[in-house]
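[1] with the sequence up front, the predicted model follows.
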Amino acid sequence: LFVADSEGSTIRGVGLVEPKKVRSLCGSGDLFGFGDVDGQGFDVRLQHCLGVEFAVNFVWVADTYNHKIKLVNPISGNCQTVLGDGVAGLQDGQGKNTRFSEPSGLSVMGSNLYIADTNNHAIRCVDLEMLTVTTLEFHGLCAPDVCIPSHD
């Protein structure tokens, strides 16, 4: 089981069979050890990571306050940015030529990763083979602060 320790900006693995151990895959584990540094194990810096999902033999991480999606090797602890350039925004595209605004929840279905892009009030869809990001359209729905009530 993989979990995001958002306060410690760390990704942890929890053993579900004996020995039932908790281990840190990457991140500082320190309340003030946050940042935005790709790398290996303890040297990695995340900032308030929230969503995790296991797919294609990797742990996908919503590095929320860095506006990025990162990929963690669950064996080596190597963590690399694969989506987002670190600037808050809404930009579809491929790989690091995309933008998010505090991505949080992640879910995989088939060959797609779905991202709850919190501050954009949007669901983003990632083709896991091409790493292309698109914004899903939900006609008739709008963010609560921009909806105009109907008086019919």
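    Structure's in. What do you need? All of these numbers come straight from a predicted model, not from anything done at the bench. Residues are numbered from 1 along each chain as shown.

[2] quick one, phi/psi of Leu50?
    Main-chain torsions, Leu50, degrees, to the nearest 10: phi -120, psi -60.

[3] show me what Thr134 is bridged to.
    Cys125 (DSSP bridges).

[4] that one and Leu90: what is the separation?
    11 Å (Cβ to Cβ, to the nearest Å). C-betas here are computed from N, CA, C, even on glycine.

[5] got any ranges where the protein has weak pLDDT?
    143-152 (pLDDT under 70).

[6] and the helices in it?
    Taking DSSP state H, the chain contains no helices at all.

[7] tell me which residue lies nearest the centroid of it.
    By Cα atoms, centre = their mean, the chain has its centre lying nearest to Ala62, at 1.4 Å.

[8] which residues does that residue contact?
    Ala62 sits next to 4, 49-52, 69, 103-106, 115 when contact means Cβ atoms under 8 Å, 6 or more residues apart in numbering.

[9] can you lay out the residues you listed as TSV showing neighbour count?
    Listed next are the contacts of Ala62 as TSV, based on neighbours: other Cβ atoms under 10 Å:
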residue	neighbour count
Ala4	24
Cys49	29
Leu50	19
Gly51	21
Val52	19
Ile69	27
Pro103	28
Ser104	18
Gly105	16
Leu106	22
Ile115	27
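
[10] now these as TSV including distance to Thr81?
    Below are the contacts of Ala62 laid out as TSV (distance: Cβ to Cβ, whole Å):
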residue	distance to Thr81
Ala4	16
Cys49	12
Leu50	16
Gly51	15
Val52	15
Ile69	8
Pro103	12
Ser104	17
Gly105	19
Leu106	15
Ile115	14
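
[11] list the ones among these that fall in strands.
    4, 52, 69, 103-106, 115 (DSSP state E).

[12] how about TSV for the residues you listed, with distance to Phe34 added?
    Formatted as TSV, the ones in strands among the contacts of Ala62 follow (distance: Cβ to Cβ, whole Å):
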residue	distance to Phe34
Ala4	13
Val52	17
Ile69	17
Pro103	16
Ser104	16
Gly105	20
Leu106	19
Ile115	21
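
[13] show me where the chain has its strands.
    So, for the chain - with DSSP E - the strands run 2-5, 10-14, 22-27, 39-40, 52-55, 58-63, 68-72, 78-83, 93-94, 103-109, 112-117, 122-127, 132-135.

[14] in JSON lines, list these along with distance to Leu141.
    Listed next are the strands of the chain as JSON lines, based on distance: least, Cβ to Cβ, whole Å:
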{"stretch": "strand 2-5", "distance to Leu141": "27"}
{"stretch": "strand 10-14", "distance to Leu141": "32"}
{"stretch": "strand 22-27", "distance to Leu141": "35"}
{"stretch": "strand 39-40", "distance to Leu141": "39"}
{"stretch": "strand 52-55", "distance to Leu141": "24"}
{"stretch": "strand 58-63", "distance to Leu141": "22"}
{"stretch": "strand 68-72", "distance to Leu141": "23"}
{"stretch": "strand 78-83", "distance to Leu141": "24"}
{"stretch": "strand 93-94", "distance to Leu141": "23"}
{"stretch": "strand 103-109", "distance to Leu141": "17"}
{"stretch": "strand 112-117", "distance to Leu141": "14"}
{"stretch": "strand 122-127", "distance to Leu141": "10"}
{"stretch": "strand 132-135", "distance to Leu141": "13"}
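
[15] many thanks, I have nothing further to ask.
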